[in-house]
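Visitor: Just a sequence and a predicted model for now, questions to come.
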Amino acid sequence: MASVTTEINQTRAVRIAQRRIEGFAQEFGEAHCNLACHAAFPLVLTPDLLYQIWANFVPEAPWTAVAHVLLSRLCRQVGYEIYEMDITDRNLLLRELKVQCGQERFDELGDFLLDYVAQRLTDDDGDTRDLREAQEWTALAYTKPSEAARELAQRLSERVQQKDVGEVLRLASLVEILAEPLVEEGFEPLLVYGKGMKSFIKGDLVNAAKQFNYLPKTQVLGVKFNIPQINLNAIQEDHLTVKSELKLLNSVQQWFEKFCLQHLSKAGWSESQLYRLNLALAEGFNNAVRHAHHALPPETTVEIDVSLWIDRLEIRIWDHGKPFNPDTIREPEPGTLHIGGYGWFLLRRLADRVVYERSMDGRNCLLMVKYSENIST
C-alpha cells in the first residue's frame with residue numbers, strides 16, 4: 001500500500017512540476033525556458049553563477065532572464081543569494097535540455113561548472129567546501145557518472161565507518177538528488193544504500209533492513225558498503241498468567257495499559273491504536289474464558305504474551321480448550337440478529353492480523369497483530 005502511495009505522490013509531483021514549467025514558458029517565452037533548462041544543471045544557483053551561464057550558453061535571452069528564472073516558481077531561496085530547484089522540476093528541465101542539445105551540452109556545462117567552482121569557491125570553511133564538492137559531484141554525475149559514483153560511494157562508506165551522522169545524511173541526500181544520472185548508468189545500489197542509511201540513522205530499522213536486503217550487491221566499483229547490523233528482535237515483552245474468571249478482566253486490562261504507557265506511548269503509538277488494542281485484548285480474553293474454558297474448572301489458566309517490535313505489537317492469548325477453526329464462523333450480516341460470531345467479527349476489525357491455531361503442546365493460541373502507523377514501507 002505504501003509503495004502505491006509513493007507512486008501516486010511521485011506522479012502528482014511530476015504533474016505539478018510540468019504545470020510550473022509550462023506556466024513559466026507561457027509567461028516568458030522560449031529563450032527564458034532555454035536558460036531555465038541550463039540553470040537546472042548546477043545543484044545550487046547564485047545570481048553570479050546563473051549570469052555566467054547566461055553569458056556563456058544562452059546569450060540570445062535578455063539579461064533580465066537571470067532575475068526572472070531565480071525569482072520564478074522554478075526556484076526557491078535557501079540562503080543569502082543561494083537558490084535551488086525542486087528535484088522534479090530539475091529533472092524535467094534537464095531531460096528537455098538533453099533532447100534539445102544532447103550529451104555534448106552536458107559535457108560543456110560540466111567543464112564550465114568545474115572551472116567555475118575552482119575559481120570562485122576557494123574558501124576553506126566547511127560550508128564552502130561542502131558546496132564545492134556538491135557542485136563537482138553534480139558535474140561528474142552528468143558527464144562522468146562512474147567517477148561520481150565511485151567518489152560518492154567511497155566518501156559515504158568512510159563516513160558511515162566514522163559514524164559521522166550529519167555527513168552521512170548529507171551525502172545520502174545528495175545521492176538521491178543525483179539519482180537519475182546514476183541509476184541510468186547502473187549505480188542503483190548506491191541509491192539503495194543511501195536510503196537504507198538514512199532510515200537507519202532516523203531509527204526506522206524496518207525500512208533500513210528492507211533497503212539493505214534489497215541491495216543487489218554490496219559494493220560499487222570496488223568500494224564496499226559498510227552495512228550496520230540491525231536487530232529486529234522484539235524490543236519489549238511481558239507475560240501474564242490468570243485464572244479463567246471474567247472478574248479478572250479489569251486486572252488484565254490494567255496490566256496491558258501499564259505496558260502501553262511504559263513502551264507504546266513513548267514509541268509514538270496513538271491513543272486510538274491503544275484503545276483498539278485494549279478492546280481486542282478484552283475480546284480475546286472473554287473468548288478464552290466464555291468459550292474455550294466454559295467446561296473447564298476456573299483454576300484453568302489463561303496465559304497472555306505481549307511483544308513490542310519495531311514495526312508492530314503482537315498479543316498472544318493461550319487457552320486449553322478444544323481446537324476449532326474460526327474461519328468456519330460466518331460473519332453476521334448487517335441488520336440481522338445472529339447468535340455468535342460477533343467476537344471474531346470485532347477482532348478482525350480491531351487488529352491488522354488475527355490467527356487462531358493449535359500449538360504443539362496442545363494449547364490454542366490466539367495471535368493478534370497491530371502494525372505501527374509510524375512505519376512506512
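Guide: Sure thing, it's come through. Remember, predicted model here, so these are calculated numbers, not experimental data. Numbering: from 1, shown residues only.

Visitor: Quickly list the domain ranges of this protein.
Guide: Listed by automatic domain parsing, the domain ranges of the chain are 2-224, 236-371.

Visitor: looking at the ones you listed, which is closest to I230?
Guide: I230 lies closest to domain 2-224 among the domains of the chain, at 4.9 Å (CB to CB). From N, CA and C alone the C-beta is placed, and that goes for glycine too.

Visitor: Lowest average pLDDT across the domains of the chain?
Guide: In terms of average pLDDT, domain 236-371 trails the rest of these, at a mean of 85.

Visitor: Quick one: end-to-end length of it, please.
Guide: For domain 236-371, the first-to-last residue distance is 15 Å (CA to CA, to the nearest Å).

Visitor: how would you label G268: helix, strand or coil?
Guide: Per DSSP: H, G, I helix; E, B strand; the rest coil, the secondary structure class of G268 is coil.

Visitor: For it, give me phi and psi.
Guide: With angles defined as degrees, to the nearest 10, G268 sits at phi 90, psi 10.

Visitor: what's the spacing between it and Q52?
Guide: 48 Å (CB to CB, to the nearest Å).

Visitor: Between these two, tell me which one has more neighbours.
Guide: Using other CB atoms under 10 Å, the more surrounded residue of G268 and Q52 is Q52, with 17 against 11.

Visitor: So that one sits against Q119, correct?
Guide: No - in this structure, Q52 is not within contact of Q119 by CB atoms under 8 Å, at 10.2 Å.

Visitor: Please identify the buried residues of stretch 307-324?
Guide: 307-321 (16 or more other CB atoms under 10 Å).

Visitor: Show me what D319 is bridged to.
Guide: Counting by DSSP bridges, D319 forms beta bridges with N364.

Visitor: Relative to I304, how far out is it?
Guide: Separation of D319 from I304 (CB to CB): 10 Å.

Visitor: Surely V355 and L367 touch.
Guide: Yes - at 4.4 Å, V355 counts as touching L367 under the criterion of CB under 8 Å.

Visitor: more crowded one of those two?
Guide: Neighbours were counted for V355 and for L367 using other CB under 10 Å; L367 has more, 16 against 12.

Visitor: and the more buried one, what is it in contact with?
Guide: L367 makes contact with 314-316, 353-357, according to CB atoms under 8 Å, 6 or more residues apart in numbering.
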